[in-house]
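Chemist: Make a model of this:
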Amino acid sequence: MSRFIYPTLKAVKVISRCFVVYVLIQPVNRKEFEERTFPYTYSYMVYQKDDMYYAKDGITGSIEYSDKDAVNVIQYVIDKVSALGGGKVILRRGTYIVGRTINVKSNVVVEGEGSEVTILRGSSTSFGTVIDIDSQSNVVVRGLTVDKGGTQTLGDTWNNMSLSCENSNFVLIEDVVVKNSPNYAMVFGGRKDSNIFDVPYVPCNYVEVRRCKIINSYKDGIHFFGGKNIVIEDNYFEHLVDDAIALGADVNYPVSNVLIRGNIVRDSGFQWTNGVKLQSGWYNTSTPASNIFSNIVITGNIFVEVAQHGFTISLENPNYLVPDMVQNVIVDNNVLKSVFINSAKNLILRGNSVGYISISDKALYIDGYTDVSNILIEGNTAGSIYVKSNSKTIRYVVIRGNIVSNNIYVGGGSGTVSDVVVIGNFVGDTINVPGYPGVESGILKSISIVGNVAKKVDVNSPANLVTVVGNTLFPGADNNVRVAGLPSASPTDVVVAFNVGDGGNVDWNNFIVGYENGAKVANRVMFIGNIGMNAKNFVVASNPNSNEIYVMFNNGNKSMYLAGDVKLFRNPIYKTENSGVSTIPVNSTRVTVSHGLVKAPTKILITPLASPPGKLWVENITATSFDIVTDTAPTADLQVAWYAEV
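Modeler: Sure, this is the predicted structure:
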């Protein structure tokens, strides 16, 4: 049953803690349109008998036209039906040899008896497009196969497409199989009279492509040059050399309000293949602008067997790139080989199973020179997640609740990465805030790593304003948490608090602040309330050039090593102060006290709890003990309270 053709407006509101995204999808109510426009079962039927093709009037039942050329017969009935105001053209089962383009007109449905039995086969690969829809509206093509018969590209001209559509509205392509296209299989909005990358484009709007199969295409399976209110749903792609679905935009011809749902790509690991690609910069445009891609939902697709990425935003020409070219994109519940993003604002990646996710300002081929902001990466299963800037700014990123089998990387480049929250993830290896040796001009700031389960948190960079709080670090890595610097810069204003580290190796450390190999090390660090187990526990400021290191309330079952300007307060594993009560026995003049401090105390206070028989003092101070001495032996046990600190 038909579902859509005239537009209605549906707004999908998506809220995160960082931003709000509205995605507008405008499908069409097709059922009312078809019932009103096509009151009969069909207007004309075209069928083949022997070497002739016939056109049968659907109302009178008479044979109105016949010819040995299939295109002549099909075009005759399409033109007549459109001229009469619209109707349905049925192509009966059979193989129709097509040597010229079939032009579908307004208010016409071209329908085969099924893609398995109604086949339009190109007589050669060089004559041009098999089906073209040019400057029309209310067009349906369904239930047939287009077999172009090509095996290689003949250039980026409008020739050799299987199905093309330009400057048209309210178009439905469904249950169509496209095979062996030597160029693009389906193209919407390009120019057919010149190079397809020339502008101005002639976009198509209110277009649906549903339940189609595209097999053996040398170029893109479905490509839109501009356009709005687009649905690409439940299609199957196999043996593609280029992208399965590509959206290309220009300043005057943006792409907006797009739903890509339930599509599958198989066996397409050739050269340039992506599942979905948003691209700009190849086209001959002269005025860059923001917001040329907007309101795009990509959901429930399987894009694994591809050469490059399951989903990519790749804006590749630095002359035509500005911030915010891509806005309001939701990618959720897909199975993807990988995700690569080099420009976006208000992007949600949620609930996907993906090999790796890369958020970068570096394109596949050249630097993208675009900022990236307002990104939510949530609830995905991924191999790794990368957030890296090579030249511009990436900011306002939340990485939350993902299962990551390898690593999460935040930073590592010459650009700026800031305002990033990594929270509640399970990470099989390391949450890494890396420096970039040799290119250390990048800025990393306001990075929060909170409540994750991982093997290691490694802030090995000149990051500022870093919070590492409440993480659980499991065995398998030396330095469960490391805050270290690079030769030219050090991390500053860092809080490492309430983490639990299980080193699992007595030769490893649970926590380390500082780095000894000639690097600048951490400054202004609060190291509070951490617990270390099954390792050497804590190494703090191993380079004595560190400044303002505060170490408080930490505990472990091994030891702590300190150097540099470190301020200590009540760390059970590293006692810097202690107190107690010791007794000088009757008829004795001294008692030896084990003070339990990390080294010999520099300050000792003693207070007798009864009147002493003579003078009291302290002597023989060592790393483990000191003596309390009196010059007159007491006649009864004398208790003495003591306090010691290093």
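Chemist: Surely R482 touches V459?
Modeler: Yes - the pair R482 / V459 is scored as a contact, 6.8 Å apart, by Cβ atoms under 8 Å. From N, CA and C alone the C-beta is placed, and that goes for glycine too.
Chemist: more neighbours, the two?
Modeler: Between R482 and V459, counted using other Cβ atoms under 10 Å, the more crowded position is V459 (28 against 24).
Chemist: Check which helix or strand that one maps to.
Modeler: strand 456-460 (DSSP states H and E).
Chemist: Averaged pLDDT, that strand. What do you get?
Modeler: For strand 456-460, mean pLDDT is 86.
Chemist: cool, and stretch 550-562?
Modeler: 68.
Chemist: For the strand holding V459, which helices and strands make contact with it?
Modeler: Under the contact criterion of 3 or more Cβ pairs under 8 Å, 6 or more residues apart in numbering; DSSP states H and E, strand 456-460 touches strand 430-434, strand 464-469, strand 481-484.
Chemist: And the shortest one, how far out from the chain middle?
Modeler: Taking Cα atoms, centre = their mean, to the nearest Å, one finds the center of strand 481-484 at 26 Å from the center of the full chain.
Chemist: what's the next secondary structure element after it?
Modeler: Assignment by DSSP H and E places the next element after strand 481-484 at strand 492-497.
Chemist: Ok, the longest one next?
Modeler: Moving toward the C-terminus from strand 464-469, the first helix or strand encountered (DSSP H and E) is strand 472-473.
Chemist: Okay, now the sheet partners of that next one, with direction.
Modeler: Strand 472-473 sits in its sheet next to strand 453-454 (parallel), strand 500-502 (parallel), going by DSSP bridges.
Chemist: Need the residues that contact the strand or helix carrying K228.
Modeler: According to DSSP H and E, K228 maps onto strand 227-233. In this structure, residues lying in contact with strand 227-233 by Cβ atoms under 8 Å, 6 or more residues apart in numbering are 4, 7, 25-28, 188-189, 203-211, 222, 224, 245, 253-263.
Chemist: if we can go back for a sec, so what strands line up beside the strand holding V459?
Modeler: Strand 456-460 has these strand partners (DSSP bridges): strand 430-434 (parallel), strand 481-484 (parallel).
Chemist: Could you identify the helix or strand that succeeds the longest one?
Modeler: This points to strand 430-434. Strand 430-434 is succeeded, C-terminally, by strand 443-450 (DSSP H and E).
Chemist: which stretches of the stretch 151-300 of the chain have low pLDDT?
Modeler: 151-159, 191-201, 250-251, 281-291 (pLDDT under 70).
Chemist: for it, what spans make up the strands?
Modeler: Taking DSSP state E, counting those that start in this stretch as the test, the strands found in the stretch 151-300 of the chain are 163-166, 169-181, 186-188, 205-210, 213-217, 222-225, 227-233, 236-240, 245-248, 255-261, 264-266, 276-280, 293-299.
Chemist: With respect to E305, which of these lies nearest?
Modeler: Ranking these by proximity to E305 (Cβ to Cβ) places strand 264-266 first, at 5.3 Å.
Chemist: Check the offset of that closest one from the chain's centre.
Modeler: For strand 264-266, the distance to the chain centre is 20 Å (Cα atoms, centre = their mean).
Chemist: Which neighbours in the sheet does that strand have, and how are they oriented?
Modeler: Assessed with DSSP bridges, strand 264-266 is paired to strand 236-240 (parallel), strand 302-303 (parallel).
Chemist: With A644 as the reference, measure out to I604.
Modeler: 5 Å (Cβ to Cβ, to the nearest Å).
Chemist: residues touching the nearest residue to F303 once chain neighbours are set aside, list them.
Modeler: Counting by Cβ to Cβ, 6 or more residues apart in numbering, F303 lies nearest to G275, which is 2.5 Å off, once chain neighbours are set aside. Contacts here follow Cβ under 8 Å, 6+ apart; on that basis G275 touches 243-245, 263, 265, 301, 303, 306, 309-311, 336-337.
Chemist: Tell me the one of these nearest V420?
Modeler: Taking these together and measuring to V420 by Cβ to Cβ, the closest member is F311, at 21.1 Å.
Chemist: wait, doesn't the closest one sit right on V265?
Modeler: No - if you go by Cβ under 8 Å, F311 and V265 don't touch, sitting 11.2 Å apart.
Chemist: Overlap in contacts, the two.
Modeler: Listed contacts common to F311 and V265 are G275, F303; contacts here mean Cβ under 8 Å, 6+ apart.
Chemist: hang on, the earlier thing: in JSON lines: the helices and strands packed on strand 456-460, plus distance to N138.
Modeler: Listed next are the helices and strands packed on strand 456-460 as JSON lines, based on distance: least, Cβ to Cβ, whole Å:
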{"stretch": "strand 430-434", "distance to N138": "54"}
{"stretch": "strand 464-469", "distance to N138": "58"}
{"stretch": "strand 481-484", "distance to N138": "63"}
